[in-house]
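Participant: predicted model follows, preceded by the sequence.
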Amino acid sequence: MRLILLLISFVLCLSALQGCGNHTRQPNAEPTTDSIVGHTDTTIVIEDTTPAPDTILTHRLRSEQDAIEFMEQSGRWDQYSQGILPRMAKDNLDYTERLLKNPFDYFIVVDKPSMHVVLFDRYGVEQRAYKMACSRKYGTKHKKRDNRTPEGFFTAEGIYDSTEWLYTDDDGNTSKKKGQFGPRFIRLKTNVTSQIGIHGTCAPWALGARVSHGCIRIHNDNILELVKFVEVGMPIIVNPSARDQAVNIKEECEVPKINLGRVKERPVDPASIPDEDDEKEKAKTDSISTDSIPVNEIKPDSIAAEKPEQNITSVTEPDGETETNQ
């Protein structure tokens, strides 16, 4: 009996020792769930399914505050706050609404006060600025052959290869010299004429002056850069200067004006504007010979930034009556 009790005691002690041995082998045990945090083999990538903020306005704006609230709640206030749209909402709610509904990545302002063509991104942040020349006569365009640049809110109707175009004046005389429209022509869609556009020039020294028959000229290098951002239907605003506006008021056709903050202008009294002379102007600066181009040609007036690649639609010439003939 005593022998049996000793055997039972031995077995119990042996079991206890084995249990203690299993308990101390933690280095070989399976890890707990807390220990796999940060383990590269078990990393789970969760995709962000948060929808992108809607920056396209779909309703009518009632006030400046309504416009500001839309921009603040769009998720893109950081961009909007750096641009011209918050300030424009105070001066011109209609233009602001149209630009907030703009589905394109960019828009253009032809700024007569500063004599620059300015490219903005959709949030109203300036991207490029090119020195320009525009119409020698002040005020917005009313009819064909009035030698004025139309003012207001327009769109890009087409982009053309104008390398081979020839200039035809108001009397039907066609120049034989090519290159007067530069390499590209961005036509503005207006209700007055299909002849007006932004294009290059063979007279870069005239940039910054009021010298054209109505078109907007920029340096040839600049037009080649600008068309990379332009799409058909994209907004193009032509902004009057103080003197242009004085002429418009005198003619009872005031055009909305916006402040880009590029220059400060003093108001011009419409009564100080002389009546327009009906006599035809003899100067034909659009047909200046390229033989007189200075050796030190004007450099492109642009702001450095990456150039997005876009396709250019090229045709022989614009539709309808134009100043271009081959």
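Facilitator: Ah, there it is. Numbers count the residues shown, from 1 in each chain.
Participant: low-confidence bits of this structure, can you list those?
Facilitator: 1-54, 170, 276-326 (pLDDT under 70).
Participant: quick one, longest strand in it?
Facilitator: strand 152-161 (DSSP state E).
Participant: what's in contact with it?
Facilitator: The list of residues contacting strand 152-161 from outside it, by Cβ atoms under 8 Å, 6 or more residues apart in numbering, reads 94-95, 98, 108, 140, 183-190, 194, 227, 230-238, 255-256, 312-315, 317-318. To be clear about C-beta, it is placed using only N, CA and C from the backbone, and glycine gets the same treatment.
Participant: buried among those residues? Make that a ChimeraX selection.
Facilitator: Buried members of the contacts of strand 152-161, defined by 16 or more other Cβ atoms under 10 Å, are picked up in ChimeraX with:
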select :95,98,108,140,183,184,185,186,187,188,190,194,227,230,231,234,235,236,237,238,255,256,317,318
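Participant: in its sheet, what does the helix or strand just after the longest strand of the chain sit against?
Facilitator: Remark: after strand 152-161, the chain's next helix or strand is strand 166-167, criterion DSSP states H and E. Counting by DSSP bridges, the strands paired with strand 166-167 are strand 324-325 (antiparallel).
Participant: surely Gln195 is within a helix?
Facilitator: No. Under DSSP: H, G, I helix; E, B strand; the rest coil, Gln195 sits outside any helix and is assigned coil.
Participant: let's see stretch 251-265 as CSV, backbone CA atoms only.
Facilitator: Output in CSV follows, covering the C-alpha atoms of stretch 251-265 (Å, rounded to 0.1, in the frame of the first residue of the first chain):
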residue,chain,number,x,y,z
GLU,A,251,-21.9,105.9,-75.4
GLU,A,252,-24.4,104.6,-72.8
CYS,A,253,-23.1,101.0,-72.9
GLU,A,254,-21.1,100.6,-69.6
VAL,A,255,-19.3,97.3,-69.4
PRO,A,256,-18.7,95.4,-66.1
LYS,A,257,-15.2,96.1,-64.7
ILE,A,258,-13.2,93.9,-62.4
ASN,A,259,-10.1,94.8,-60.3
LEU,A,260,-7.2,92.4,-60.7
GLY,A,261,-5.1,94.5,-58.3
ARG,A,262,-2.3,94.8,-60.9
VAL,A,263,-2.5,98.6,-61.3
LYS,A,264,-4.3,101.6,-59.7
GLU,A,265,-6.4,103.7,-62.0
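Participant: one step back: helices - which of the contacts of strand 152-161 land there?
Facilitator: Asp94, Tyr95, Arg98 (DSSP state H).
Participant: dump the longest strand of the chain to CSV, restricted to CA.
Facilitator: Output of strand 152-161 as CSV, limited to C-alpha atoms (Å, rounded to 0.1, in the frame of the first residue of the first chain):
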residue,chain,number,x,y,z
GLY,A,152,-17.1,91.7,-71.5
PHE,A,153,-17.4,88.0,-70.7
PHE,A,154,-16.7,85.7,-73.6
THR,A,155,-15.4,82.2,-74.4
ALA,A,156,-12.8,80.6,-76.5
GLU,A,157,-14.4,79.6,-79.8
GLY,A,158,-11.4,77.9,-81.4
ILE,A,159,-7.6,77.5,-81.6
TYR,A,160,-6.0,77.8,-85.0
ASP,A,161,-2.6,77.5,-86.7
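Participant: which positions in it come out as buried?
Facilitator: Buried-residue list, strand 152-161, by 16+ other Cβ under 10 Å: Gly152, Phe153, Phe154, Thr155, Ala156, Glu157, Gly158, Ile159, Tyr160, Asp161.
Participant: out of those, flag the one nearest to Glu265.
Facilitator: Distance to Glu265 across these (Cβ to Cβ) is lowest for Gly152, with 18.3 Å.
Participant: next one: the closest one from Ala242, what distance?
Facilitator: For Gly152, the distance to Ala242 equals 17 Å [Cβ to Cβ, to the nearest Å].
Participant: hey, where'd the helices end up in this structure?
Facilitator: Going by DSSP H, the chain shows helices at 2-23, 64-73, 77-80, 85-91, 93-100, 220-226, 242-250.
Participant: re earlier: the longest strand of the chain pairs with which strands, and in what direction?
Facilitator: When DSSP bridges is applied, strand 152-161 pairs with strand 184-189 (antiparallel), strand 235-239 (antiparallel).
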